[in-house]
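Enquirer: model this:
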Amino acid sequence: MNKFFPHYREITEASAKVAASEVSNLSINSRKWRIALYSHDTMGLGHKRRNLLIAQTLGCSPLEIDVLMISGIPDASNLPTPPGVDCLILPALHKNIHGQYQARRLDLSLQEIITLRSQVILTTIKTFKPDIFIVDNVPRGAVRELDPTLDYLRTQGKTHCILGLRDILDEPASVRRDWKRGANEEAIQTYYDAVWVYGDPAIYDLAAEYNFHPKTLSKIRYTGYLDQRSRLKFMDIESVQAFKSLNLPSQRLALCLVGGGQDGALLAAAFAHAELPPEMNGIILTGPFMPRKIRQQLQSYAAKRDNLRVLEYLAEPTLLLNRAERVISMGGYNTTCELLSFQKRSLIIPRTKPRREQLIRAERLQALGLTDMLHPRNLTSQGLTDWLMQAGQPPQVRNCVDLNGLSSIVQFVDEILMSADHSSQQAS
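Expert: Purely as a prediction, here's the structure:
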């Protein structure tokens with residue numbers, strides 16, 4: 001080697017010294033800022049999809065950050081994420097329609113699986129050392145699994161803790177009862193620096209509706225709703241190919257969405273038996289948690305029609321929703337945000353158990369003329385047929401709804417990191 005490169009040894013030694021110096025400098029003061037996002041993910045796909053969109057947005061922003069998602073649903077790690085975004089999957093926990101928790105797959109008691117998840121979260125946070133920790137919707141985590149982590153972060157005093165809440169939690173009386181039982185306001189006042197509400201107070205003023213303590217109210221900031229059109233920017237080749245492989249006909253499309261599918265059987269069956277307008281095709285997206293027997297029944301219904309298809313699952317259904325002319329769906333936060341973002345003519349059949357959050361949201365939006373609503377007790381195939389046959393124009397959502405939530409989150413994070421950087425410079 002020296003024969004061909006007479007200065008090879010000197011160059012190698014110099015390079016080694018430079019590399020060692022760079023590693024030393026990086027270890028001292030130039031690591032990226034770190035953000036951890038937690039979602040308990042015990043019922044449906046909503047929490048995971050919301051946190052994924054936030055993680056994707058932060059990862060593609062100009063901020064110099066690493067983002068770690070802590071999720072309870074496996075496919076959170078299979079969806080497209082930019083460099084600097086990764087995911088840790090917790091052992092799965094399930095909440096049934098009555099609000100009771102249990103292990104989804106493992107033969108563990110509730111205490112065993114909560115202890116396991118809690119220790120995994122704590123160890124992760126201790127090792128990752130986030131500058132910002134964003135908790136989705138549940139101040140103390142599922143069955144208080146975040147308590148050890150929140151206690152640890154409080155003693156360290158180095159992490160800015162954020163609670164992210166959807167626009168509506170439940171009817172006020174239920175929120176006051178459940179939050180008092182869970183000591184949620186005490187947790188917010190003790191552990192959290194801020195509460196971000198992913199909604200618009202012009203639609204639902206969470207702070208006013210729930211009569212929170214002044215110390216809690218002082219931490220609340222509204223971001224606006226999360227514009228789901230941003231999902232189109234994060235599509236990978238696999239998602240686009242999966243959509244193209246559907247070979248959708250050129251005719252008009254009516255789409256039926258039932259969230260994760262665990263409680264969407266009645267809506268899906270009603271849609272399967274509804275009459276579609278001329279030159280319109282229908283698609284039912286069942287979700288991954290719909291029982292197999294129900295999916296098979298729906299496939300049997302669809303096999304008797306030439307204008308209906310049943311799809312079990314699309315990792316990223318946004319392209320399908322964007323293509324649809326009409327949408328009939330349940331009323332979860334993310335689905336509703338998609339309907340508003342893409343300004344779709346929609347009929348929402350809200351879930352009413354174990355919470356009335358979807359019903360309240362649908363009623364508010366119907367009053368503003370942004371969507372139509374049908375109470376689940378009035379759900380029939382004829383009712384869906386009648387709605388599908390009605391003429392109408394897409395709602396002009398952006399004139400009356402704040403959809404700037406993702407931009408606000410990036411701005412809020414930037415403010416926190418700038419403040420932290422300023423404080424560290426003063427300390428040094």
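
Enquirer: residues near the residue nearest to residue 45 when sequence neighbours are not counted, how many?
Expert: If the residues on either side of it in the chain are set aside, residue 45 comes closest to residue 260, at 4.7 Å by CB to CB, 6 or more residues apart in numbering. The C-beta positions use only the backbone N, C-alpha and C, and glycine is treated the same way. By the measure other CB atoms under 10 Å, the count of residues near residue 260 is 22.

Enquirer: which residues in the stretch 301-428 of the chain form helices?
Expert: Using DSSP state H, counting those that start in this stretch, the helices of the stretch 301-428 of the chain run over 318-323, 333-341, 357-367, 381-389, 405-427.

Enquirer: relative to residue 130, which of the ones you listed is closest?
Expert: helix 405-427 (11.5 Å; CB to CB).

Enquirer: helix or strand for the residue nearest to residue 45, which one?
Expert: Secondary structure assigned from DSSP states H and E places residue 260 in neither a helix nor a strand.

Enquirer: ok so, going back, quick one, which of the helices of the stretch 301-428 of the chain is nearest to residue 278?
Expert: helix 381-389 (9.9 Å).

Enquirer: same for the closest one, what does it pack against?
Expert: helix 265-273, strand 326-329 (3 or more CB pairs under 8 Å, 6 or more residues apart in numbering; DSSP states H and E).

Enquirer: given the shortest one, what are its sheet partners and their directions?
Expert: When you say that, I think you mean strand 326-329. strand 252-257 (parallel), strand 345-348 (parallel) (DSSP bridges).

Enquirer: can you add mean neighbour count and mean pLDDT and give the helices of the stretch 301-428 of the chain back as a markdown table?
Expert: Formatted as a markdown table, the helices of the stretch 301-428 of the chain follow (neighbours: other CB atoms under 10 Å; pLDDT from 0 to 100):
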| stretch | mean neighbour count | mean pLDDT |
| --- | --- | --- |
| helix 318-323 | 19 | 94 |
| helix 333-341 | 24 | 96 |
| helix 357-367 | 20 | 98 |
| helix 381-389 | 16 | 98 |
| helix 405-427 | 15 | 89 |
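
Enquirer: of all the ones you listed, which one is nearest residue 143?
Expert: Per CB to CB, nearest to residue 143 of the helices of the stretch 301-428 of the chain: helix 357-367, 19.8 Å.

Enquirer: chain center to the closest one, what's the gap?
Expert: Averaging C-alpha positions (CA atoms, centre = their mean, to the nearest Å) puts helix 357-367 19 Å from its chain's average.

Enquirer: same deal with stretch 319-326?
Expert: Counting by CA atoms, centre = their mean, stretch 319-326 comes out at 20 Å from the chain centroid.

Enquirer: also stretch 110-119?
Expert: 23 Å.

Enquirer: give me the contacts around it.
Expert: With contact meaning CB atoms under 8 Å, 6 or more residues apart in numbering, stretch 110-119 is reached by 72, 90-91, 93, 101-103, 106, 108, 141-149.

Enquirer: the helices of the stretch 301-428 of the chain: which one's closest to residue 86?
Expert: helix 405-427 (17.5 Å).

Enquirer: neighbouring contacts of that closest one?
Expert: By CB under 8 Å, 6+ apart, helix 405-427 touches 33, 35, 53-54, 57-58, 61, 63, 65, 131-132, 160, 194, 196, 198-199, 221, 223-227, 230.

Enquirer: and the chain, what are its domains?
Expert: Per automatic domain parsing, the domain ranges recorded for the chain read 32-225+404-420, 231-399.
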